[in-house]
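1. Next comes the sequence, and after it the predicted model I'd like to discuss.
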There are 2 protein chains.
Amino acid sequence: MGLILAVDIGGTQIRAALFERGSLKPVRAERTRTEASKPGVYDRLEALVASIWPVDGGVDAIGIASPGPLDPHAGVIIATPNIKEWRNFPLTEKLKVRFGVPVVLDNDANLACLGEWKFGAGQGHQDVLFLTISTGIGGGVVSNGHLVQGYHGLAAELGHTTVWPDGPLCGCGKRGHIEAISSGTAIARYAREQIEAGRPSSLAALSTITSRDVSDAAAAGDLLAIETLSRAGRYLGVAVANFLAAFDPSIVIFGGGASNSGPALFDPFHASLHENIFDPTYLTNLIFARAALGDDAGLLGAQALAALAVPE
Amino acid sequence: MGLILAVDIGGTQIRAALFERGSLKPVRAERTRTEASKPGVYDRLEALVASIWPVDGGVDAIGIASPGPLDPHAGVIIATPNIKEWRNFPLTEKLKVRFGVPVVLDNDANLACLGEWKFGAGQGHQDVLFLTISTGIGGGVVSNGHLVQGYHGLAAELGHTTVWPDGPLCGCGKRGHIEAISSGTAIARYAREQIEAGRPSSLAALSTITSRDVSDAAAAGDLLAIETLSRAGRYLGVAVANFLAAFDPSIVIFGGGASNSGPALFDPFHASLHENIFDPTYLTNLIFARAALGDDAGLLGAQALAALAVPE
């Protein structure tokens, strides 16, 4: 019958869905709370998969989207910040033994890219650059119709590329990564630091500041908020110029909450990209798009990965 | 019989060689002067190919390595700095009409990468990063066993990625590209500028300075030369950390004259790479190698590209 079972492991919930190959709508879907800090995450995941497993079988493969770092070739979760009990955890092997079908795995950003390529904004393209801008910045790349995974499965970690060697400290401990400048977290932090340094802003009234707050304040004309998003957009332009020189995609897809920041982020971004790209040919027919699948991108990417691993 | 005819268009000479598929040694080879500034480059190239064309046929395809920018999908030379008469020049179409076999084309750095992968230092790897450091810095990438070409054929232009937004001006007109800091030209220029600014150095006695001179002076203990190569190596470490995060190769191959600079360049490079890479897993089992094919890399890469285009 050609069913694929897809799983998306998120920070707050684990989702599982049973798909007919190539279908956007699941035949069946369930979710459970991750409760990442409590023991038994794997047991909850296994029970969730079992709860939608078809009585009469027919599942060709299981695909899983998980936060990394992970090794997609070995099917092992190396260490996720949230789920402390998973250290070098052989996730695909355990599920394969339990359910008796091939199991494949990759990180959420790569699979969101794959999902957008097969089912969403990237359909019909062969060279896709996907960037998700939320608390961090994640990347995914399809090159000549193949997901770029790399030797250790750590390719397309584009948030952790340096655009400013003496720039702000990144969550990973290194300096000047684009994630440390243009992620939602970095946007909120820069605004807060400037307010603490005495800059006036409507944001000063808030006890905590989010990138959404910065974006709302910018839309209302707040000068600090506008400058904060402009700074983030300009460095994002440098980073994307580098990614175009590396991968030369035909489409750039933005996902993630902070990518809703609108022209206050994207006008400076486009100006910077045009200024920094060394050959204008890269921009010829290049499409910029918003991610189309929302929260389902990881789940649909997991379906696509499993379908690629086990051809019909 | 399965012959491939490979052509390498260089700044001073055009080389052509007839290979049995997969062979390192040509059956027949000739060369002619490019005389890039004089008319008739194409006629010289065509005559060269004709001069080694086998009387009894048997050529499956022609592969060509050329300086870019060029469009490998269309087979068109967009504009090479040296050969002024080639502007949007349909090179593959003209040769295809003349010789009646498929003709494929890509730039010299990409094909040197492909050559090293199929025949040289990169054999057996599936994820290869190739960097040629000479007057400029060229890049080539093999990802999961596929040459990364990109939508416009401009992928892996790694010399033109920014590692220092306010850094030195690049030949392309943009600032802070790794080519503007760590190429042979940039190394020689920095040493000269420092001498003009009054820094003492044994290099001050030379009327012109090359990167080879800097490297010799560094080996002899000249402090300015040592600092010059250290600066180039440190930024190269930042750039390669970015390339690992993007492509996650299992081997990094260095070619080009300036990559002979030895430990004065590569010790600071490795220190910087370790300092800048955000996850040490990238370096696990990662091999650093010197290009093995020398001047033949482009020719052998052209053979490999043609063989891929026309499977046996």
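-> All right, it came through fine.

2. average pLDDT across stretch A:256-275?
-> For stretch A:256-275, the mean per-residue pLDDT is 94.

3. which residues are contacting it?
-> Contact with stretch A:256-275 is made by A:131-134, A:137-138, A:183-184, A:187, A:211-212, A:214-215, A:218-219, A:225-226, A:229-238, A:240-241, A:244, A:280, A:283, A:290-291, as judged by Cβ atoms under 8 Å, 6 or more residues apart in numbering or on different chains. The C-beta positions use only the backbone N, C-alpha and C, and glycine is treated the same way.

4. Checking my notes, A:Val252 in a helix, right?
-> No - under DSSP: H, G, I helix; E, B strand; the rest coil, A:Val252 sits outside any helix and is assigned strand.

5. right, and it touches A:Phe288 too?
-> Yes - under the criterion of Cβ atoms under 8 Å, A:Val252 makes contact with A:Phe288 at 5.2 Å.

6. And the two? Which one has more around it.
-> More crowded of A:Val252 and A:Phe288, by other Cβ atoms under 10 Å in any protein chain shown: A:Val252, with 20 against 16.

7. dump the residue contacts of that one.
-> For A:Val252, the contact set (Cβ under 8 Å, 6+ apart) comprises A:129-131, A:240, A:244, A:286-289.

8. Need the buried ones from these selected in PyMOL.
-> To isolate the buried members of the contacts of A:Val252 in PyMOL, using 16 or more other Cβ atoms under 10 Å in any protein chain shown:
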select buried, chain A and resi 129+130+131+240+244+286+288+289
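
9. Make a markdown table from the contacts of A:Val252 and add pLDDT and distance to chain B to it.
-> Converted to a markdown table, those look like this (pLDDT from 0 to 100; distance: Cβ to the nearest Cβ, whole Å):
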| residue | pLDDT | distance to chain B |
| --- | --- | --- |
| A:Leu129 | 98 | 10 |
| A:Phe130 | 98 | 13 |
| A:Leu131 | 98 | 12 |
| A:Val240 | 98 | 11 |
| A:Leu244 | 98 | 8 |
| A:Leu286 | 98 | 8 |
| A:Ile287 | 98 | 10 |
| A:Phe288 | 98 | 14 |
| A:Ala289 | 97 | 14 |
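
10. can you tell me which residues contact the closest residue to A:Arg231 other than its chain neighbours?
-> Among residues not flanking A:Arg231 along the chain, A:Tyr190 sits closest, at 6.8 Å (Cβ to Cβ, 6 or more residues apart in numbering or on different chains). Residues near A:Tyr190 by Cβ under 8 Å, 6+ apart: A:168, A:181, A:228, A:231-232.

11. are any of these buried, and which?
-> Buried by 16+ other Cβ under 10 Å: A:181, A:228, A:231-232, out of those.

12. Show only the entries of the residues you listed found in helices.
-> Under the assignment DSSP state H, the buried ones among the contacts of A:Tyr190 contribute A:181, A:228, A:231-232 to helices.

13. Show me the residue of the stretch 151-300 of chain A that gets nearest to chain B, please.
-> A:Asp248 (2.4 Å; Cβ to the nearest Cβ).

14. Over to that residue: give its phi and psi.
-> phi 50, psi 60 (degrees, to the nearest 10).

15. For chain B, give me its nearest residue in the stretch 51-200 of chain A.
-> A:Gly150 (2.4 Å).

16. Quick check: the gap between that residue and A:Pro69.
-> For A:Gly150, the distance to A:Pro69 equals 12 Å [Cβ to Cβ, to the nearest Å].

17. A:Leu286 too?
-> Distance from A:Leu286 to A:Pro69, by Cβ to Cβ: 30 Å.

18. how about the strands in the stretch 1-150 of chain A?
-> Ranges of strands in the stretch 1-150 of chain A, per DSSP state E, counting those that start in this stretch, are A:3-9, A:13-20, A:28-33, A:59-66, A:70-71, A:76-79, A:87-89, A:103-107, A:128-133, A:137-143, A:146-147.

19. Kindly reformat those as CSV containing distance to B:Glu20.
-> Formatted as CSV, the strands of the stretch 1-150 of chain A follow (distance: least, Cβ to Cβ, whole Å):
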stretch, distance to B:Glu20
strand A:3-9, 45
strand A:13-20, 48
strand A:28-33, 57
strand A:59-66, 42
strand A:70-71, 40
strand A:76-79, 43
strand A:87-89, 47
strand A:103-107, 40
strand A:128-133, 38
strand A:137-143, 31
strand A:146-147, 30
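
20. what residue ranges in chain A score low on pLDDT?
-> Applying pLDDT under 70 to chain A flags residues A:1.

21. One more pass at 50, please.
-> For chain A, no stretch is flagged by pLDDT under 50.

22. Just the terminal-to-terminal distance for stretch A:172-184.
-> 15 Å (Cα to Cα, to the nearest Å).

23. For that stretch, buried residues please.
-> Buried, per 16+ other Cβ under 10 Å, within stretch A:172-184: A:172, A:174-184.

24. would you list every one of the helices in chain A?
-> For chain A, the helices defined by DSSP H cover A:41-52, A:91-99, A:108-119, A:179-182, A:184-196, A:211-219, A:223-247, A:263-276, A:297-309.

25. so does the fourth one get close to chain B?
-> Same thing as helix A:179-182. No - using Cβ under 8 Å from any Cβ of the partner chain, helix A:179-182 stays clear of chain B, coming no nearer than 9.5 Å.

26. what's in contact with that helix?
-> Under the contact criterion Cβ under 8 Å, 6+ apart, helix A:179-182 has outside partners A:133, A:136-137, A:159-160, A:163-164, A:167-172, A:186, A:190, A:231-233, A:235-236, A:239.

27. ok now that helix, how far from the chain's centre?
-> Taking the mean of its C-alpha atoms, helix A:179-182 sits 15 Å from the chain's own mean (Cα atoms, centre = their mean, to the nearest Å).

28. Can you lay out the helices of chain A as a markdown table showing distance to A:Asp8?
-> Putting the helices of chain A into a markdown table (distance: least, Cβ to Cβ, whole Å) gives the following:
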| stretch | distance to A:Asp8 |
| --- | --- |
| helix A:41-52 | 11 |
| helix A:91-99 | 13 |
| helix A:108-119 | 7 |
| helix A:179-182 | 22 |
| helix A:184-196 | 20 |
| helix A:211-219 | 23 |
| helix A:223-247 | 25 |
| helix A:263-276 | 27 |
| helix A:297-309 | 4 |
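
29. what's the closest of those to B:Pro81?
-> helix A:223-247 (17.8 Å; Cβ to Cβ).

30. Give the buried residues for that closest one.
-> For helix A:223-247, burial by neighbour count (16+ other Cβ under 10 Å) applies to A:224-247.
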